[in-house]
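**Q** My questions are about this predicted structure, shown below with the sequence.
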Amino acid sequence: MNLIRLSDLSAREKGTLVRIDATEGMLALMEMGCIVGETIEVRQVAPLGDPMAVSTGGHVVALRREQAEQMWVKPH
């Protein structure tokens, strides 16, 4: 399976969330709609790459680069 970090996707790219490596803050990510198996789309990326707006589970949330680096997706 070809997995990449969510932080490596560009704006308007999608993928299926496969794994979250974060132990701290994992519950917060899940409460925001970042659930393994869901499609996640990068909506916007700030000019310096942090933060990024993503859409998943019917919500748009802002993630720090540090959080996105701990999330693995299978690109669509």
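**A** Sure, I can see it.

**Q** The helix or strand bottoming out on mean pLDDT in the chain: what's the following helix or strand?
**A** None of the helices or strands of the chain scores lower by mean pLDDT, DSSP states H and E than helix 26-31, at a mean of 80. Proceeding N to C from helix 26-31, the next assigned helix or strand is strand 39-45, under DSSP states H and E.

**Q** chain center to that following strand: distance?
**A** Centroid displacement of strand 39-45 relative to its chain, using C-alpha atoms, centre = their mean, to the nearest Å, is 7 Å.

**Q** Please name the nearest non-neighbouring residue to residue 20.
**A** Sequence neighbours aside, residue 71 is the residue nearest to residue 20 in space, at 5.3 Å (criterion: C-beta to C-beta, 6 or more residues apart in numbering). Every residue, glycine included, has its C-beta placed from N, CA and C.

**Q** Next: residue 61.
**A** Excluding its sequence neighbours, the residue lying closest to residue 61 (C-beta to C-beta, 6+ apart) is residue 32, at 4.5 Å.
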